[in-house]
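> generate a structure from the sequence data that follows.
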Amino acid sequence: MNIAAEFDWTKELENTVVKTLTTSFGLDFLLFKDKRGGDVDTVHNARQGVYASTTEEQKYQQRGDYDSAAYHKDSAYIERGQLDKERQQAGTLEDAYRQKPMAAHDKRDLDHVIAAKEIHHDAGRVLAGLEGMTLANTDSNFTSTHRSINRSKQDKPVEDFLVYLKTAIPAQEAGLQKQKERLAQLPRNTPAQQDKYRRLEDDIRGKENKLEQLKSVDPESMRKVDREARAAYETSVNKAYYTSSKFINATAVAAGKSGLMMGTRQMLGLVLAEVWFELREQFPRILEKVKSGFEFKAFIDLMTDTLKNIWERICTRFTDFLIQFKDGVFAGILSSVSTTILNIFATSQKMIVKLIREMWSSLVQAIKMIAFNPEKLSTVDLIKGVSNVLAVGVSTVVGTMLYSALVPVLNFPFGAELAAFISALSTGILTLGMQYFISHSGVMKKVWDALGTLDHSRTLEQFRAANAKLDIYLQELAQIEFNMDPWEMEEFASSLARQKSKFEKSLVLQKEIERRQIALPFAIGNHASTRKWLAGLAGQ
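Predicted structure coming up:
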């Protein structure tokens, strides 16, 4: 049998393309306004300057200027500075940037590991609604170090400061060398010359001391301090925002809206498809009836009948529409939540948002099939059905990517509509091709046959069928007149009852069968023969 010849490609392609046009490439772009970063603000996106709401963006723009004096006059900063001073005098204060104790005579500064200015201007901190002064002046963000290091670091992040040192140290060394050469050439004959010499000598000594401190910086130790400070900072920001009612409410609202729109898209798309299928079928008949002699009343009557047929067609499939709506709601909710989770770690592009939505549309149907198996399919048929559903999702994803590529190219009137049609057509062709391959190709048929041999549910069904036919066979056999003597029957039954093992019973049965020359359809004691006979019963 030629399956390809029996497969109505034209009709199936039309059905698939129409349904795709009325959902993914029609209503989708009317109902959903996809945007970069999704519909919920996240800390990651805010730091990239991507906001879902103008309110949060305005809050960041209105954060105010950085006031260094206010940050360094905070009571927490002053208290920690006093504590570290006492530790320095006691000889117990360690400079974590140099990984060495600070001497009592070292000039000490209390450094913000993450610069206070960086924290003030952090969009994530503003989104979380936290005070910059509080976050900057916490113990986890404090470390005392030599003044030369702190004042060279300024408001640079640690990595930037370490890069700065690679060029600053050689530059300072070169400058010192020039100053030393100049010092060697200075005369010291007059008091004025001697004073100039001493001032330059003091400047060189100060710069040498500063250079010595910069050289003593331990990059790995400094990075470790920075990692620990940033880990504590990120924990504070993320915990404050992602456990806040603001984020939870925004996520719930976005998921609810997405679910309702997705459900509406799926249901309304199928309704429109049914309307089109009915109109396509009825219009040629209407034209045929009115073309010979047009009468307005007759035309209205025909159109009224057509509309009634459409309504009946919709009513007949009303349950299917509700199921599609429910599945669409779940898919919309899950796609929205997935998009939000993605944007916690990376900023999603507009196309990614749609791809996630389309894949969830298919995944919900696949999960429902696997979890509930409403049609009670065998394992092989269930896998085949899930594969077909996922094929639709993959095809739609490819069509969506094609649409995104075509829209910028077809930038003329009705170009977007043409792009939608081409994408829907491509989706339809790919869907049918993949489904045909899954269901009818020789390669996949071998796969399904191989899985069928491992399908225990199918084996169970076969044995149930065989058992049912065996019952019928035994009933018919019981009606056969064996013409046995009652005493012989009683003796045979007693002999059978006296045997203790199955093997002994089988010997009695075999002896009786041979004595009465009963022809059996299988060989006694041969398991392969018995299985072959049972399989034959199941296949009849």
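> list the buried residues of stretch 42-49.
Neighbour-count burial for stretch 42-49, counted by 16 or more other CB atoms under 10 Å, picks out Thr42, Val43, His44, Asn45, Ala46. All C-beta atoms are positioned from the backbone trio N, CA, C, and that covers glycine.
> residues in contact with the residue lying closest to the fourth one once chain neighbours are set aside?
Computed as CB to CB, 6 or more residues apart in numbering, the closest residue to Asn45 that is not its neighbour in sequence is Gly37, at 4.5 Å. Gly37 makes contacts with Asn45, Gln48, Val50, Tyr51, Ala52, Asn343, Thr347, Ser348, as judged by CB atoms under 8 Å, 6 or more residues apart in numbering.
> burial of the fifth one, as a residue count?
By the criterion of other CB atoms under 10 Å, Ala52 has 21 neighbours.
> run a quick check on it versus Val40, I expect a contact.
Yes. Applying CB atoms under 8 Å, one finds Ala52 in contact with Val40, separated by 5.6 Å.
> so what sits against both of the two?
Ala250.
> would you map the helices across the stretch 151-300 of the chain?
Secondary structure of the stretch 151-300 of the chain, counting by DSSP state H, counting those that start in this stretch: helices at 158-185, 191-215, 219-242, 245-290, 296-316.
> tell me where the model's unsure across the stretch 1-150 of the chain.
For the stretch 1-150 of the chain, the stretches with pLDDT under 70 are 1-32.
> just the stretch 351-500 of the chain next, same as before
For the stretch 351-500 of the chain (pLDDT under 70), the answer is 372, 452-494, 496, 499-500.
> one more time with 50
Within the stretch 351-500 of the chain, the stretches with pLDDT under 50 are 481-482.
> and the contacts of stretch 231-248?
For stretch 231-248, the surrounding residues in contact (CB under 8 Å, 6+ apart) are 40-41, 43, 114, 119, 122, 124-125, 127-130, 135, 138, 140-141, 344.
> which ones among these are found in helices?
The helices, defined by DSSP state H, take in Val43, Ile119, Gly124, Arg125, Leu127, Ala128, Leu135, Ile344 from the contacts of stretch 231-248.
> drop anything exposed from the residues you listed.
By 16+ other CB under 10 Å, the ones in helices among the contacts of stretch 231-248 give Val43, Ile119, Gly124, Arg125, Leu127, Ala128, Leu135 as buried.
> which pLDDT value goes with Val337?
Looking at Val337, its pLDDT reads 88.
> got a list of what it touches?
Shown in contact with Val337 (CB under 8 Å, 6+ apart): Thr251, Ala255.
> that one and Ala254: what is the separation?
Here Val337 is placed at a distance of 9 Å from Ala254 (CB to CB, to the nearest Å).
> check Asp41 too.
Computed with CB to CB, the distance linking Asp41 and Ala254 is 10 Å.
> and for Lys180?
From Lys180 across to Ala254, the span is 66 Å (CB to CB).
> tell me which of those two has more neighbours.
Shown here are Lys180 and Ala254; by other CB under 10 Å, Ala254 has more neighbours (20 against 14).
> can you tell me the closest non-neighbouring residue to the more buried one?
In space, and not counting its chain neighbours, Ala254 is closest to Asp39: 4.1 Å by CB to CB, 6+ apart.
> phi, psi for that neighbour please.
Here is the backbone geometry of Asp39 (degrees, to the nearest 10): phi -100, psi 0.
> for it, grab the count of nearby residues.
Around Asp39 there are 22 residues (other CB under 10 Å).
> what do you get for Leu322?
Around Leu322 there are 12 residues (other CB under 10 Å).
> to which secondary structure element is it assigned?
Assigned by DSSP states H and E, Leu322 belongs to helix 318-345.
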